[in-house]
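Participant: Quick one: sequence and predicted model below, then my questions.
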Amino acid sequence: MRVSFDLDEVLFVSPETHKTEPALPFPLRNLFPERLRLGTPELIRELQIQGYEVWIYTSSFRSESYIRRLFRCYGVRLDGIVNGDRHLKEVQRDNKTVLPQKLPNRYRISLHIDDEAVICTAAGQYGFRAYQLNAQDDDWKEKILEQADKIRRLEHFDEPEK
């Protein structure tokens with residue numbers, strides 16, 4: 001099962017409004033100025049230990065290599081990345097109808113975590129599951145793990161018997 005996270009305002013947050021991981025040491029903090037929400041590396045590792053693939057699905061145009069390198073600085077390996085460029089090329093393509101900024105089900109993502117209500121609202125219409133996270137919340141990791149477990153049980157229940 002795959003779980004994806006948006007970056008801005010979900011995993012990349014301001015230390016003025018959220019608790020954050022310590023800044024990277026110099027000179028890495030100059031290369032990667034974003035600050036991770038406190039507990040992000042721990043949550044991603046826990047999800048992976050539990051057998052989930054962890055992806056980033058962002059509408060930003062940061063390169064995949066930039067995102068991978070930043071997370072490696074925190075000891076985290078990501079299983080997949082969809083950025084704005086990839087989404088436009090693989091999802092929106094030549095569609096005349098403007099699709100949502102994110103369609104996680106196109107990448108077999110079972111649960112997407114985002115801060116934008118419009119993305120979370122579109123989930124039902126476009127057939128994917130989303131969890132909205134934006135404010136500072138000391139229990140956010142536990143809530144994500146609980147949501148992932150709930151979706152895993154639903155998907156397991158929906159599987160046809162062999």
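Facilitator: Structure received. Residues are numbered from 1 along each chain as shown.

Participant: C-alpha only now, for contacts and for neighbours.
Facilitator: Will do.

Participant: Grab the nearest non-local neighbour of T40.
Facilitator: Residue nearest to T40 in three dimensions, not counting chain neighbours: L11, with 6.8 Å by Cα to Cα, 6 or more residues apart in numbering.

Participant: Can you list the low-confidence ranges for the chain?
Facilitator: For the chain, the stretches with pLDDT under 70 are 158-162.

Participant: where exactly do the helices run in it?
Facilitator: For the chain, applying DSSP state H gives helices covering 28-31, 40-49, 64-73, 84-87, 117-126, 140-158.

Participant: Touching the last one from outside, list them.
Facilitator: Think helix 140-158. Residues outside helix 140-158 that contact it (Cα atoms under 8 Å, 6 or more residues apart in numbering): M1, V3, G39, T40, L43, L47, S110, L111, Y131, L133.

Participant: Number of residues surrounding the fourth one?
Facilitator: Residues lying near T40 (other Cα atoms under 10 Å) number 20.

Participant: pretty sure G75 is in contact with P41, am I right?
Facilitator: Yes - counting by Cα atoms under 8 Å, G75 touches P41, with 7.2 Å between them.

Participant: More neighbours: those two, which one.
Facilitator: P41 (18 against 11).

Participant: Contacts only, for the more buried one.
Facilitator: Y74, G75, V76.

Participant: One more pass at 10 Å, please.
Facilitator: L11, E21, F71, R72, Y74, G75, V76, R77 (Cα atoms under 10 Å, 6 or more residues apart in numbering).
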